[in-house]
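Peer 1: no sequence on hand, only this structure:
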């Protein structure tokens, strides 16, 4: 039998994430995703925030990923409460809902919400996110760009 190149497993069309409890015990759309450190995958939690344009991780995550963040990539982001925080943008490799792709992430040591934020850029153009607060369930349905 001739040798065949292994086939990639198909990206699931739809993945459900039960809400997790936040630090104050409330159920929220917090999901696990993986980020590439350069030699292994690291699991992180992030609050899926449909009101956030960008994904923002605490600066400590950049250290875990051994990223060299450049001040030339500094941007200023407005938070929902009106505060403006500086972030250093970087593109990172992630795994989420069965797909692997690169997304822009802002890293900041002034993010004071106590958790990482998963924003729209890079995620919401690959997945349709459906929040069901009553059932405490987030559903991520793959769109045409899921695995890039």
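Peer 2: The structure has been received and is ready for your questions. Note that the structure is predicted; figures quoted are calculated from it, not measured.

Peer 1: partner strands of the one helix or strand in the chain whose mean pLDDT sits lowest, parallel or antiparallel?
Peer 2: In the chain, no helix or strand scores lower on mean pLDDT, DSSP states H and E than strand 74-78, which sits at a mean of 77. Using DSSP bridges, strand 74-78 pairs in its sheet with strand 84-96 (antiparallel).

Peer 1: quick one: the helix or strand following the partner strand to strand 74-78, angle?
Peer 2: Note on strand 84-96: by DSSP states H and E, the next helix or strand toward the C-terminus is strand 99-108. Interaxial angle, strand 99-108 versus strand 74-78 (axes from the mean of the first three to the mean of the last three CA atoms, to 10 degrees): 90 degrees.

Peer 1: what residues sit buried inside strand 99-108?
Peer 2: Residues of strand 99-108 classed as buried: 99, 100, 101, 103, 105, 106, 107, 108 (neighbour count, 16 or more other CB atoms under 10 Å). Heads up, the C-betas are built off the backbone N, CA and C, glycines and all.

Peer 1: mind listing what the fourth one touches?
Peer 2: If I follow you right, that is residue 103. 55, 91, 92, 94, 121, 122, 123 (CB atoms under 8 Å, 6 or more residues apart in numbering).

Peer 1: go on, the last one?
Peer 2: The contact partners of residue 108, taken as CB under 8 Å, 6+ apart, are 56, 57, 58, 59, 77, 85, 86, 87, 88.

Peer 1: give me the buried subset of those residues.
Peer 2: Taking 16+ other CB under 10 Å as the criterion, what is buried in the contacts of residue 108 is 56, 57, 58, 59, 77, 85, 87, 88.

Peer 1: which of those lies closest to residue 36?
Peer 2: Nearest to residue 36 out of the buried ones among the contacts of residue 108 is residue 57 (CB to CB; 13.3 Å).

Peer 1: any idea how far the closest residue to residue 73 other than its chain neighbours lies from residue 107?
Peer 2: Of all residues not flanking residue 73 in the chain, residue 89 sits nearest, at 4.5 Å (CB to CB, 6 or more residues apart in numbering). For residue 89, the distance to residue 107 equals 8 Å [CB to CB, to the nearest Å].
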